[in-house]
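**Student:** 3D, please:
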Amino acid sequence: MMPLAVASRAQGVAVTAFPLDDDGFLLERKLWSRSLAQQLADRQGLGTLGQTQWLIIDFVRDRYFRLGALPPMRNLCRKLGVDREAVKKSFGGCRQLWQIAGLPNPGEEALSYMG
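**Tutor:** As a prediction, the model looks like this:
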């Protein structure tokens with residue numbers, strides 16, 4: 001995978017560049033921050049991330065880096081008390097959530113299920 005330098009803009013000024021793979025996933029976990037997550041959300045047209053979105057992002061990051069995998073969406077929704085459709089509306093889908101949360105590329109098979 002080849003890193004892509006993607007510049008983000010805030011108030012018309014380039015803020016940062018970050019390395020993404022060909023599928024749009026962050027290549028270096030240590031580079032992730034809330035600021036970078038917001039820039040990725042902006043890049044995907046999601047606007048400012050709200051409290052519920054941050055709750056979901058923090059949850060999936062914790063689960064992934066602690067357990068090495070994410071729980072099924074129904075478990076995530078039940079644990080956080082959020083509606084599955086609200087999660088989909090907030091991020092557009094699992095792939096976008098995974099990218100914004102700074103998780104690594106899950107591979108071709110998983111990507112085919114993420115939509």
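
**Student:** What is the helix ranked longest in the chain packed up against?
**Tutor:** Longest helix of the chain, by residue count under DSSP state H: helix 51-67. Under the contact criterion of 3 or more C-beta pairs under 8 Å, 6 or more residues apart in numbering; DSSP states H and E, helix 51-67 touches helix 34-43, helix 73-80, helix 84-91, helix 94-100. Glycine gets a C-beta too; all of them are placed from N, C-alpha and C.

**Student:** how about a cut-off of 6 Å?
**Tutor:** The helices and strands touching helix 51-67, judged by 3 or more C-beta pairs under 6 Å, 6 or more residues apart in numbering; DSSP states H and E, number zero.

**Student:** May I see the buried residues of that helix?
**Tutor:** 53, 56-57, 59-61, 63-64 (16 or more other C-beta atoms under 10 Å).

**Student:** Next, report how far stretch 84-103 is displaced from the centre of its chain.
**Tutor:** 6 Å (C-alpha atoms, centre = their mean, to the nearest Å).

**Student:** got it, and stretch 108-115?
**Tutor:** So, by C-alpha atoms, centre = their mean, the centroid of stretch 108-115 is 15 Å from its chain's centroid.

**Student:** pLDDT on that stretch, on average?
**Tutor:** Mean pLDDT, stretch 108-115: 79.

**Student:** Any chance you could list what contacts it?
**Tutor:** By C-beta atoms under 6 Å, 6 or more residues apart in numbering, the surrounding residues in contact with stretch 108-115 are 93-95.

**Student:** Can you tell me which of those is closest to L20?
**Tutor:** R95 (13.0 Å; C-beta to C-beta).
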